[in-house]
Every structure is written in C-alpha cells, then in structure tokens.
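Student: coordinates only, sequence not included:
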C-alpha cells in the first residue's frame, strides 16, 4: 500500500463513520488482518456495538455510499457471503494495489444472546449473593461437581476473550481456550465454564477437512482430512465413490486407485477426542428442565474418551454431500459431521457433537 493510508488509519476511519450505524471494527483486530481464506485480501470484521440491536440491514444498504466517499476507493462490490466468512456478507473495494474485504457480522444469534444473558445473570448472583431461582440449581451443581470451587468466593464474572485455537496448547490448559465464561475468585484463581444452550450439541471443531479433496475432486489419501477419517475406520473409497456419484451424475468417473481400508484406531481416536474435550473446566448445558453440569478433570476425560466403538458411518450420495460418523462409549454417544459450511461441494468443516 505505497503512498496510501495505513491499515490502522482505515480501521480508525471505519470506526468513525460506522459508529452511528451501531458498528465498529472488531477490537481484537483494529487494523484488520489477512483474509481468513483469501490471504491477499485485508479483512476488517465489523461487529455490532450493541449486539441486541441488529442494524446490519441498514449498514448493508448504506455501505456502498460510505465506501465511495473514501478517497481512492474503487471496484466496490457486495458479496452475499464474504469470501472470508462462512455466513456473513461483505463489501470489497480496492485501494492502490490492495483489495479489502469489509465483513458485516449480523446480530447476536440465539446462542450468543443466551451466553450474554447468562453472564449478566451470574454476575448479579455472585455479586449480590441473591439466590436467583433460575441459577440456584446451577450453582449447586457447580459446587457439587468440584469441591474446591464450592469453598471459594467469586468476585468477578466475564466473557472469555482471545484466540480459540487449540493447536499447541497442552491438554490441561485447554479449559482457558474452551471456556466461554471466566469466573475469578477472591484469590484471583480463574474458573472456566463452557456454556451450551439446549441446542448446543457441538463441543469441538477439527481442522483438515479442506485437505480431503483436490480442486478436481480427487480424494487425497495422505491428507490430514483423510488421516482423521481413517482413525474412525472410514472407507475412503466409498467417500470418493459418493462424491463421484454427485459430480458425474450417472456418467463413468475416472478410474480411481484403490485405497487400503483401515480399522478404527483406538489410540488415534483417544488423541482426537482428548483434544476435542480438553480439561479443567465446567461443562454446562441448559436442558429442558435444569442444567447438565460436570467438572472435566482427567478422570472424567478418561471416561469420555476410552473404549470408543463406531456405531455407523454414512457416506456421501446423490442426495447428500455429508459424511456422518456415529460412535461412543458407555459414558457418552457422539456424532461427527464432515461437510461444507459455505454451500460448496467438498468438505471444509468438521464438527464433533454429543448425542443424547
């Protein structure tokens, strides 16, 4: 960006002109950052200032004119879905030789609203010591699941901030990454809560899905995505055949090299699930009546990830592009979904979920 404003300058300008629309540049990246998907783009992710007041449609309508007013901005275009986001729209514009992607996040979804409300309510409960009937049982269950927690006084409740990347973080430190809510006690010890709403079955994502196929639709057997599937005993030949049935629609696909089928690997499954769960935090999920609560220590983690059995594997077909794996043990049943989260054909997303 020779002879052009700095990335920080553009971020400051966006904050100035967008505040009246109830929007700001994400405080964690005020100067933007390389695009999440297209690294050559400079991505600025916009957030609502008041998340309960969704003004996104107003901003989308006005953004074209706003960007036209920026000196030197050209090639302004609207994307129904940003090239750097799985669900939010954006505007692109060019300044000098740099392409920018301004991603417009919408209002808080139900899960975010639930999380925000719960944090506010818990903060009131702990600060006033009033036993709100909605949270009386929850606090009792937190105390029962960890006796050390039961003996401390909580002085602060806040939303966790920062990266959610698990790579390279020791298993026993993952609570600080996974937790949504941070409780700080009088000794400044922090307690983390992973909070899920009634429909919050997903407890972990896994990287590597986008490596499973090349751009021509040929499965890559040595990819991280293939390694993940093979840990569960997935037949990669059937994955390829399933996508071929969709791509070629009755026509003869190219000859495919036979890939050896591996049995489920308990050691690899344990490693996957150990990192998916992490440890040293409270798992809290709202249920139709009350809460499901447990403290995830090493003992609980061992129960959740040991002696896993694969129950069913569903392969892609002309009517479905998703790979689904159902598995579990005596402690918990699980579901893995490998799919495309951007309405594309080949997988780019792996979600690990609990089943009732």
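Tutor: Great, that's in hand. It should be emphasised that the depicted structure is a prediction, and the values quoted were computed from it without experimental measurement.
Student: what is the rounded mean pLDDT of stretch 331-351?
Tutor: Mean pLDDT, computed over stretch 331-351, is 93.
Student: and stretch 82-89, how far out from the chain's middle?
Tutor: Distance of stretch 82-89 from the chain centroid (CA atoms, centre = their mean, to the nearest Å) equals 14 Å.
Student: same check, this time on stretch 148-160
Tutor: The answer for stretch 148-160 is 25 Å, by CA atoms, centre = their mean.
Student: same question, stretch 313-321
Tutor: 24 Å.
Student: now do stretch 302-321
Tutor: Averaging C-alpha positions (CA atoms, centre = their mean) puts stretch 302-321 20 Å from its chain's average.
Student: same question, stretch 345-356
Tutor: Stretch 345-356 sits 11 Å away from the centroid of its parent chain (CA atoms, centre = their mean).
Student: What are the boundaries of the helices in the stretch 101-250 of the chain?
Tutor: 110-128, 133-145, 147-150, 175-178, 224-231, 236-247 (DSSP state H, counting those that start in this stretch).
Student: Quick check: closest non-adjacent residue to residue 272.
Tutor: Leaving out its chain neighbours, the residue that sits closest to residue 272 by CB to CB, 6 or more residues apart in numbering is residue 231, at 6.1 Å. Bear in mind the C-beta positions are built from the backbone N, C-alpha and C, glycine included.
Student: and what of residue 217?
Tutor: residue 247 (5.3 Å).
Student: number of nearby residues for that neighbour?
Tutor: Residues lying near residue 247 (other CB atoms under 10 Å) number 13.
Student: need the helices of the stretch 101-250 of the chain in CSV with mean pLDDT, can you?
Tutor: Converted to CSV, the helices of the stretch 101-250 of the chain look like this (pLDDT from 0 to 100):
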stretch, mean pLDDT
helix 110-128, 77
helix 133-145, 90
helix 147-150, 94
helix 175-178, 95
helix 224-231, 98
helix 236-247, 97
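Student: For residue 191, which of the ones you listed is the nearest?
Tutor: Closest to residue 191 of the helices of the stretch 101-250 of the chain is helix 147-150 (CB to CB; 6.0 Å).
Student: For the closest one, name the packing helices and strands.
Tutor: Here helix 147-150 touches helix 133-145, going by 3 or more CB pairs under 8 Å, 6 or more residues apart in numbering; DSSP states H and E.
Student: Need the residues that contact the helix it packs on.
Tutor: 121-122, 125, 149-150, 282, 284, 290-291, 293-295 (CB atoms under 8 Å, 6 or more residues apart in numbering).
Student: per-residue pLDDT, residue 106?
Tutor: Looking at residue 106, its pLDDT reads 76.
Student: how about the nearest residue to it, chain neighbours excluded?
Tutor: residue 56 (4.5 Å).
Student: ok, that neighbour - contacts?
Tutor: By CB under 8 Å, 6+ apart, the neighbours of residue 56 are 48, 104-107.
Student: For it, what are phi and psi?
Tutor: Backbone torsions of residue 56, given as degrees, to the nearest 10, read phi -60, psi -40.
Student: so what's the closest residue to residue 332 other than its chain neighbours up against?
Tutor: Spatial nearest neighbour of residue 332, excluding adjacent residues (CB to CB, 6+ apart): residue 304 at 5.5 Å. Residues in contact with residue 304 (CB under 8 Å, 6+ apart) are 273, 277, 296, 329, 331-332.
Student: let's go with 6 Å and repeat that
Tutor: 277, 331-332 (CB atoms under 6 Å, 6 or more residues apart in numbering).
Student: What's the PyMOL line that selects buried ones from those?
Tutor: Buried members of these can be picked out in PyMOL with the line below, counting by 16 or more other CB atoms under 10 Å:
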select buried, resi 277
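Student: isn't the residue nearest to residue 272 right up against residue 265?
Tutor: Yes. Between residue 231 and residue 265 a contact is recorded at 5.1 Å, counting by CB atoms under 6 Å.
Student: Those two: which has the busier surroundings?
Tutor: Legend: neighbour count by other CB under 10 Å for residue 231 and residue 265, higher for residue 231 (21 against 15).
Student: and the more buried one, how far is that from residue 308?
Tutor: In this structure, residue 231 lies at 10 Å from residue 308, with CB to CB, to the nearest Å as the measure.
Student: what do these two both touch?
Tutor: Shared contacts of residue 231 and residue 308, counting by CB under 6 Å, 6+ apart, come down to residue 269.
Student: Residue 267 belongs to a strand, doesn't it?
Tutor: No. Residue 267 is assigned helix when assessed by DSSP: H, G, I helix; E, B strand; the rest coil, not a strand.
Student: Which pLDDT value does the model give it?
Tutor: We have a pLDDT of 96 for residue 267.
Student: number of nearby residues for it?
Tutor: 8.
Student: same thing with residue 58?
Tutor: 13.
Student: Then residue 301?
Tutor: 19.
Student: What's the first helix or strand after whichever strand or helix holds it?
Tutor: Using DSSP states H and E, residue 301 maps to helix 298-305. Later in the chain than helix 298-305, the nearest helix or strand by DSSP H and E is strand 309-314.
Student: And that following strand, what's buried?
Tutor: Quick answer for strand 309-314 (16+ other CB under 10 Å): residue 313.
Student: residue boundaries of the strands in the stretch 251-356 of the chain?
Tutor: Under the criterion DSSP state E, counting those that start in this stretch, the stretch 251-356 of the chain contains strands at 282-286, 291-295, 309-314, 323-328, 333-339, 349-355.
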